[in-house]
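this is a predicted model, with the sequence first.
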Amino acid sequence: MTPETKAWREGLIAFLASDRRRPRHRSTPDPEPAVIAEAQRFVTVSIREWLAETLARQLDRRRERAEAVAGLDPDPAILLTTTPLGLGIAEQLVADDPRGIVCLLEVEYRRWCRIEPDEQLAHHVTAWNWVKTSLPKVRQGDFPAYPLGSGEHYWLHRTGIAGTTEEEVRNTALLAFDGTRSRVLTASTVETRFED
């Protein structure tokens, strides 16, 4: 890790410590306990697989790319963004990881990048792993090839990483949630509309 990357990462950690002490207004109510439990279960499995099987390959690609692109740190800061439902789980899962992964919310990442931009991803790679547990009604018709069973709702599991290759790598799995458990309808779907 270059001194510039180390300073960028340390600045992020200080920013998170300060930013998380500020009170926040929540515009949405907390999800039901069953929703929280199932979303956390799904994210836990996915992050464990990413840490054990995928991240090393992604970092190898970054090192290869850094050989060809001036200014890219071959040993970047590693960030993992998620939702409030996944943050505590993510932090627990990476706590003993020697790569020093920093877990944060997507909104925290966006705020930090406004303060300390790294548009070329010279100093960091950012991965994301989260479950969208509520789709707006307008999105309910987006997946006609994957009909829901009685009482089920669509969920999206979004994962990806930016900064390891020239283009970001992203995937969205389509899930069905019945109020207790989720099931994978397709491991990869193409979204044509997005929302925050």
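Cool, got the structure. As the structure is a computational prediction, the values presented were derived from the model and not from experiment.

for this protein, which segments count as strands?
77-82, 102-105, 124-132, 153-162, 169-177, 182-186 (DSSP state E).

distance of residue 62 from residue 187?
Taking C-beta to C-beta, to the nearest Å as the measure, residue 62 falls 24 Å from residue 187. Placement of C-beta: from N, CA and C, glycine included.

more neighbours: which of the two?
residue 62 (22 against 11; other C-beta atoms under 10 Å).

surely the more buried one and residue 164 touch.
Yes: counting by C-beta atoms under 8 Å, residue 164 is a contact partner of residue 62 at 4.4 Å.

what touches both of these two?
residue 125 (C-beta atoms under 8 Å, 6 or more residues apart in numbering).

can you tell me the closest non-neighbouring residue to residue 82?
Nearest-residue entry for residue 82: residue 130, 4.6 Å, with adjacent residues in sequence omitted and distances by C-beta to C-beta, 6 or more residues apart in numbering.

please name the residues that touch the one you found.
Contacts of residue 130 by C-beta under 8 Å, 6+ apart are 43, 81, 82, 83, 85, 86, 106, 157, 158.

now neighbour count too, for the residues you listed, in JSON lines please.
Listed next are the contacts of residue 130 as JSON lines, based on neighbours: other C-beta atoms under 10 Å:
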{"residue": "43", "neighbour count": "23"}
{"residue": "81", "neighbour count": "22"}
{"residue": "82", "neighbour count": "23"}
{"residue": "83", "neighbour count": "19"}
{"residue": "85", "neighbour count": "21"}
{"residue": "86", "neighbour count": "25"}
{"residue": "106", "neighbour count": "15"}
{"residue": "157", "neighbour count": "21"}
{"residue": "158", "neighbour count": "18"}
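
closest one to residue 138 among the strands of the chain?
The closest of the strands of the chain to residue 138 is strand 153-162. By C-beta to C-beta, the value is 12.1 Å.

may I see the buried residues of that closest one?
Neighbour-count burial for strand 153-162, counted by 16 or more other C-beta atoms under 10 Å, picks out 153, 154, 155, 156, 157, 158, 159, 161, 162.

bridged to the first one, which residues?
What it means is residue 153. Under DSSP bridges, the beta-bridge partners of residue 153 are residue 177.

so it sits right up against residue 176, yeah?
Yes: if you go by C-beta under 8 Å, residue 153 and residue 176 touch, sitting 7.2 Å apart.

not counting its neighbours along the chain, what's nearest the spatially most central residue of the chain?
What sits nearest the mean C-alpha location of the chain, by C-alpha atoms, centre = their mean, is residue 128, with 1.7 Å. The shortest distance from residue 128 to any non-neighbouring residue, by C-beta to C-beta, 6+ apart, is to residue 81 (4.6 Å).
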